[in-house]
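Asker: Next come a sequence and a model predicted from it.
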Amino acid sequence: MSLKNKKNTFIRILSITLVFSFFCSIPVQAIDYKKEAQERKSLEIESNLYDNWPLGPAIGAQAAILMDANTGSILYAKNIHEQLYPASITKLLTTYIAMNECELDEMVTFSENAVYSIKWWEDANMGVYPGSCLTMEEVLYGILVGSANEAAYAVAEHISGNLENFAILMNKTAKELGCKNSNFVTPNGIHDKNHYTTAYDIALIAKAFFANDTLAKMSSTTRFDVPVTENQTREGIILNAKSLLLPGKTYAYEPLIGSKTGYTDYARQTLVSCAEKNGMKLICVILKEEAPAQYTDTIELFNYGFENFSTLYLDEATSPYSIDNHFFTTDIDLLGSSKTILSLDKEDYIILPNTISFEELISKVSYDEKNESSVACINYYYKNYLLGKIDVKLDIEEPLLFDFGNQKDHNSDIVKEDTQNTIFINVFHILLGFIIITVFFSIVFSLQSLSKNKRIAKKRKNKLRRTILHGNHWDINRF
């Protein structure tokens, strides 16, 4: 290579190096997450578009929902069906499955795959080593208190053998709970582009999660001491809950039942919480928010719900489905006592906004949503928004008690514990027996009528035979 060519090559390399250095020296524009959160406050809140509905607060979360935990009524809705990343609130579904599939005293072994599946320097963990064995209860505490990622992995392996099979179980369970826009890939919520959910779907999962008292208690625990095992060399590992809504924390919220946090760079801050006050049990889901606004958003929404809505039991209102009419009672008065056939579940209620009266609601009877203890349910709507449902129960399955040993008051509704002289009379069984007896006698009557008709037909036939024989000069008396 000539000197000139070497010089040109050197100049080109130097030029490229200088250009590369120039671009590298330009500072990368950092994403202003706080600004994005502020801009999200202007996003439309769907529930604020409902006619005569209490206006909900403008918050910085990309998506949020406030749902009544018993009725499933939606009190506040913002982008509730938008697919977003959940991060560690995924663990609500993982622990819910574990509670249904396992006993709390089952032993869970941490495999190498589980322990080394995480980045120890940044992912939340329990600090256990491969081969460590803990009870399922201890592992669930580790997941819900310390948000331990390797613990969720270990649970997935324990139940399904591997993550792929557990993901199938997660999606099956989510679908059974009513989720329609979610896809779960990991048991811990570590980022995966194919792992996503919605505020509405997570609220349905949380509804089932917080219905379990044990899981609710775990999610409200502020500290958990990791037990030392034979393979566990680290001692004194203490996990502290991350939710600042818990007692003693910065944003402690007194009505709180439980809470679960989540965070990844892609999901940002996520939070699921449950609180109970004034007879209402509410679930709040926050997706894609910036710290610490996930807590202030949650408190705002809880306060909005408790201040603008109330529970309404059926006996507090005039209903066209009152159980005190003749449609719901029997005409049978057995031994001086009659009983209703159907009744409305006294424990069911509807959620009523303080801007709407009961008379404005529309009720529809459904036979498709009934459960094992009901024959139908009555859904109550404001416009097209479901506010709750009341189950119609069949009462006659429960036996009536008649105590002939008590001569003081035959009409008393009190049943003594000593039932030696008590006769149990089940109205349903009596009615069923009456029907069976009626059918039996109807069959007997039909058979008797058929037999009688056969005898008459036979007599007519014999009479005709005798007539023919006489006509041919045969005398029947000869035979």
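Answerer: Received, thanks.
Asker: Point out where the stretch 51-200 of the chain drops to low pLDDT.
Answerer: The model of the stretch 51-200 of the chain has no residue with pLDDT under 70.
Asker: Stretch 353-366: end-to-end distance?
Answerer: In stretch 353-366, first residue to last residue: 23 Å (CA to CA, to the nearest Å).
Asker: Likewise for stretch 202-215?
Answerer: End to end - CA to CA - stretch 202-215 spans 16 Å.
Asker: who's in contact with it?
Answerer: 65, 67, 69, 72, 80, 86, 89, 92-93, 95-96, 99, 104, 140, 144, 174, 177-179, 182, 216, 219, 257-258, 272, 274, 281, 283, 285, 287 (CB atoms under 8 Å, 6 or more residues apart in numbering). In short, each C-beta sits where N, CA and C put it, glycine included.
Asker: Keep only those of these that are in helices.
Answerer: Counting by DSSP state H, the part of the contacts of stretch 202-215 found in helices is 92-93, 95-96, 99, 140, 144, 174, 216, 219.
Asker: and the residues you listed as a markdown table, adding distance to Phe209 and neighbour count?
Answerer: Shown next, in a markdown table, are the ones in helices among the contacts of stretch 202-215 (distance: CB to CB, whole Å; neighbours: other CB atoms under 10 Å):
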| residue | distance to Phe209 | neighbour count |
| --- | --- | --- |
| Leu92 | 5 | 25 |
| Leu93 | 8 | 28 |
| Thr95 | 7 | 27 |
| Tyr96 | 5 | 22 |
| Met99 | 9 | 19 |
| Leu140 | 12 | 28 |
| Leu144 | 10 | 30 |
| Ala174 | 12 | 24 |
| Ala216 | 8 | 15 |
| Ser219 | 8 | 30 |
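Asker: Same list (these) but as JSON lines, adding distance to His195.
Answerer: Below are the ones in helices among the contacts of stretch 202-215 laid out as JSON lines (distance: CB to CB, whole Å):
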{"residue": "Leu92", "distance to His195": "14"}
{"residue": "Leu93", "distance to His195": "11"}
{"residue": "Thr95", "distance to His195": "17"}
{"residue": "Tyr96", "distance to His195": "17"}
{"residue": "Met99", "distance to His195": "21"}
{"residue": "Leu140", "distance to His195": "21"}
{"residue": "Leu144", "distance to His195": "19"}
{"residue": "Ala174", "distance to His195": "12"}
{"residue": "Ala216", "distance to His195": "25"}
{"residue": "Ser219", "distance to His195": "21"}
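Asker: ok, of those, which one's closest to Leu314?
Answerer: Leu314 has its nearest neighbour among the ones in helices among the contacts of stretch 202-215 in Ala216, at 27.1 Å by CB to CB.
Asker: My read is that the closest one contacts Ala275, right?
Answerer: No. Using CB atoms under 8 Å, Ala216 makes no contact with Ala275, being 11.1 Å away.
Asker: Return every residue with contacts to both of these two.
Answerer: In contact with both Ala216 and Ala275: Ile257, using CB under 8 Å, 6+ apart.
Asker: Please tell me how far Leu75 sits from Leu352.
Answerer: Separation of Leu75 from Leu352 (CB to CB, to the nearest Å) stands at 11 Å.
Asker: actually Lys383, not the one I wrote
Answerer: 14 Å.
Asker: Then Leu92?
Answerer: Counting by CB to CB - Leu92 and Leu352 are separated by 28 Å.
Asker: can you list the domain ranges for this structure.
Answerer: 33-308, 317-424, 427-477 (automatic domain parsing).
Asker: deepest of those, which one?
Answerer: domain 33-308 (a mean of 20; mean count of other CB atoms under 10 Å).
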